[in-house]
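Chemist: model the structure of this input:
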Amino acid sequence: MIQDKLLALRKRSGMSQQEVADTVGVTRQTISNWELGQGSPTLDKAAELARLYGVSLDDLASDEVEIVTRERRERKHDFHILKSLVGKTATLELADSVADDIIKHATVLDVSDGWMRVNCDQNTAMFGSPKTKRKRVIRLIDFADITAVIVESDAPPSGIAQTSQESNLA
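Modeler: Just a heads-up that it's a prediction; the model follows:
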């Protein structure tokens, strides 16, 4: 839901409701209402919020995209290394207290502005049944919450066995 994304993104940015309100030209109460699900931003305000938080408008508005982040932390990353993961399949280890500590077989779709966009499986409980249903979802993961990336090997060159390559991001 957009209200959950707005709250998570504002906390990640380290901004107060008043600072966001001043930036996008609304009242603090309007920001509060949006974060509580008591209304939604207009298209132009949603676009401003997406730019402010460094995400796409599609990522902000789509119920199909989940934001994975904790509150703001300062960590530096080698962006060019992460960018090289686009198109690869990997297992991502996430920081403690983030939903799903490990995301297996995630396809890296994009890396930009402090975010890694991945397509991965999500298990959801089936009502009234002990079984779970698996579906593919898109997650937008904060770089600061990724502690390690294990790249699944491509086809081995010239018959040489190739194992997964781990990149520690801490």
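Chemist: now do the buried residues in the helix or strand harbouring C120.
Modeler: Applying DSSP states H and E as the criterion places C120 in strand 115-125. Neighbour-count burial for strand 115-125 flags W115, M116, R117, V118, C120, Q122 (criterion: 16 or more other Cβ atoms under 10 Å). Any C-beta I mention is one placed from the backbone N, CA and C, and that applies to glycine too.
Chemist: and of the residues you listed, the nearest to T91?
Modeler: Taking Cβ to Cβ as the measure, T91 lies nearest C120 of the buried residues of strand 115-125, at 9.7 Å.
Chemist: before we move on, the earlier item: quick one: mean pLDDT over the helix or strand just after the strand holding C120.
Modeler: Counting by DSSP H and E, the next helix or strand C-terminal to strand 115-125 is strand 132-142. Strand 132-142 comes out with an average pLDDT of 84.
Chemist: coming back round to it: now the strand holding C120: average pLDDT?
Modeler: The average of the pLDDT scores along strand 115-125 is 84.
Chemist: likewise stretch 55-67?
Modeler: Mean pLDDT, computed over stretch 55-67, is 87.
Chemist: got the end-to-end distance for that stretch?
Modeler: End-to-end distance of stretch 55-67: 10 Å, with Cα to Cα, to the nearest Å as the criterion.
Chemist: what's the burial count for the nearest residue to D101 once chain neighbours are set aside?
Modeler: Distance criterion Cβ to Cβ, 6 or more residues apart in numbering; nearest residue to D101, sequence neighbours excluded, is L94 at 5.5 Å. Neighbour count of L94, defined by other Cβ atoms under 10 Å: 19.
Chemist: next one: D110
Modeler: If you count neighbours by other Cβ under 10 Å, D110 ends up with 17.
Chemist: in what helix or strand does it lie?
Modeler: D110 belongs to strand 102-112 when elements are defined using DSSP H and E.
Chemist: now that strand: buried residues?
Modeler: Residues of strand 102-112 classed as buried by neighbour count (16+ other Cβ under 10 Å): I103, A106, T107, V108, D110, V111.
Chemist: confirm I67 sits in a helix?
Modeler: No: secondary structure of I67 (DSSP: H, G, I helix; E, B strand; the rest coil): strand, not part of a helix.
Chemist: distance of it relative to I81?
Modeler: Shown here: I67 relative to I81, a distance of 23 Å by Cβ to Cβ, to the nearest Å.
Chemist: between those two, who's got more neighbours?
Modeler: I67 (20 against 12).
Chemist: beta partners for that one?
Modeler: L140 (DSSP bridges).
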